[in-house]
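**Q** generate coordinates for the sequence data below:
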Amino acid sequence: MEPWLSDWCRTHLGTAPVGVLFEARQISTVHGLQLEDGRKVVVKARPDDGRAESCVAAQKCLGDRGFPCARPLTPVVRVGSLAVHAEEYRPGGEVVRGDSPDVATRYAEVFARLLAALEGISVKPPLPNPRWLRWDHSGSGLWPAIDFLDERDQRVVPDDVGETADRARRRLLAAELPNVLGHGDFEAQNLRWKATEGWTVHDWDSLAWQPEAALAGAASGMFPNTTPPTLAPIESSAAFLESYQDFRGRRFSLAEREVAWAASLWPAAHNARWEALHGDRPTCGTALREQAAERLRLANA
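**A** The predicted structure follows:
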């Protein structure tokens, strides 16, 4: 347990931790804790990039409205360079694996409920967007500035990855669509299910502020992801997008459909670049190479 956690819990939760339920470290460091008063809580700490307050505020509104997510127990508190908050411990449920059209439809229903629940929640846009969705960056190059990736040898990234990303990004930037709040990391590993019902949606640090069609498109490509990430089959992304529109009760315009298909490519291109820069097996890169031409055609890119 990190040294500052005990004092933080006493100050903001009124009691100290007496045990560790779990710990996980990715972009955020997540601590599951047993407190002296018997409560079980989760404390999350991540580098303070200015996004956390909006993400936690939106998560609290969703929890208060009964959406299946852990309710925050504290606001965001700054600890040095970290943004820290506590939330309910919400264990249980199973990961639903698979990338078939039927599985896609199940995920699309939850995503549609999520976007509907976020409507009317007014928070400062959580910008910059998560790095794997940041096609809307203001830099001069193709990729957003990410120091720990940029310092690696870019020559190992296959040319077709950059070409696909560039064509998808150009189509996305050409769109003139309003931005909305949405979940930017809608992957299987971030959802838990009980029977056929969504039990918990995790990772609200990854809220994004982009056009609805772009958010749905990104989710249509990434929904099956666990580790390592890949890209859903084209027919499953199509089923996700069709089902999403059905559940939302609104059909996308032609421009929105094209934006959705373009957005389905960007996270996969980001992941393919990551694989190449780290010398990983090209799981996502292979799927991207196999599907890029058809997805770009559907995107009119």
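**Q** what residue is smack in the middle of this structure?
**A** For the chain, the residue sitting closest to the mean C-alpha position, by Cα atoms, centre = their mean, is Asp185 at 1.3 Å.
**Q** give the contact list for that residue.
**A** Residues near Asp185 by Cβ atoms under 8 Å, 6 or more residues apart in numbering: 130, 132, 203, 206, 222. No exception for glycine: its C-beta is placed from N, CA and C like everyone else's.
**Q** that's a helix at it, yeah?
**A** No. Per DSSP: H, G, I helix; E, B strand; the rest coil, Asp185 lies outside any helix segment and is coil.
**Q** what are the phi and psi values for it?
**A** Its backbone dihedrals place Asp185 at phi -140, psi 50, with angles given as degrees, to the nearest 10.
**Q** can you give me the helices for the stretch 1-150 of the chain?
**A** Counting by DSSP state H, counting those that start in this stretch, the stretch 1-150 of the chain has these helices, from start to end: 3-13, 52-64, 101-118, 147-150.
**Q** now do the host helix or strand of Ala216: distance to the chain's middle.
**A** In this structure, Ala216 sits in helix 212-222 according to DSSP states H and E. In this view, helix 212-222 has its centroid 10 Å away from the chain centroid, taken as Cα atoms, centre = their mean, to the nearest Å.
**Q** ditto for stretch 215-225
**A** Distance, stretch centre to chain centre, for stretch 215-225: 9 Å (Cα atoms, centre = their mean).
**Q** got the buried residues for it?
**A** 215-225 (16 or more other Cβ atoms under 10 Å).
**Q** what does stretch 37-47 give?
**A** Residues of stretch 37-47 classed as buried: 39, 41-46 (neighbour count, 16+ other Cβ under 10 Å).
**Q** between which two of these is the distance greatest?
**A** Spatial extent of the buried residues of stretch 37-47 (Cβ to Cβ) is set by the pair Arg39 and Arg46 at 22.2 Å.
**Q** isn't Ala292 right up against Ala165?
**A** No. Ala292 lies out of contact with Ala165 (Cβ atoms under 8 Å); the separation is 9.6 Å.
**Q** intersection of neighbour lists for these two?
**A** Residues touching both Ala292 and Ala165 by Cβ under 8 Å, 6+ apart: Leu265.
**Q** alpha carbons only: can I get stretch 262-281 in CSV?
**A** C-alpha atoms of stretch 262-281 as CSV (Å, rounded to 0.1, in the frame of the first residue of the first chain):
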residue,chain,number,x,y,z
ALA,A,262,-13.6,6.2,-39.9
ALA,A,263,-13.6,6.3,-36.1
SER,A,264,-13.7,2.5,-36.0
LEU,A,265,-10.2,2.6,-37.5
TRP,A,266,-8.4,5.1,-35.3
PRO,A,267,-8.1,3.1,-32.0
ALA,A,268,-7.0,0.1,-34.1
ALA,A,269,-4.3,2.2,-35.8
HIS,A,270,-3.2,3.5,-32.4
ASN,A,271,-2.9,0.0,-31.1
ALA,A,272,-1.1,-1.2,-34.2
ARG,A,273,1.4,1.6,-33.8
TRP,A,274,1.8,0.7,-30.1
GLU,A,275,2.5,-3.0,-31.1
ALA,A,276,5.2,-2.0,-33.6
LEU,A,277,6.9,0.5,-31.2
HIS,A,278,7.0,-2.1,-28.4
GLY,A,279,8.0,-5.0,-30.6
ASP,A,280,4.7,-6.8,-29.7
ARG,A,281,3.0,-9.5,-31.8
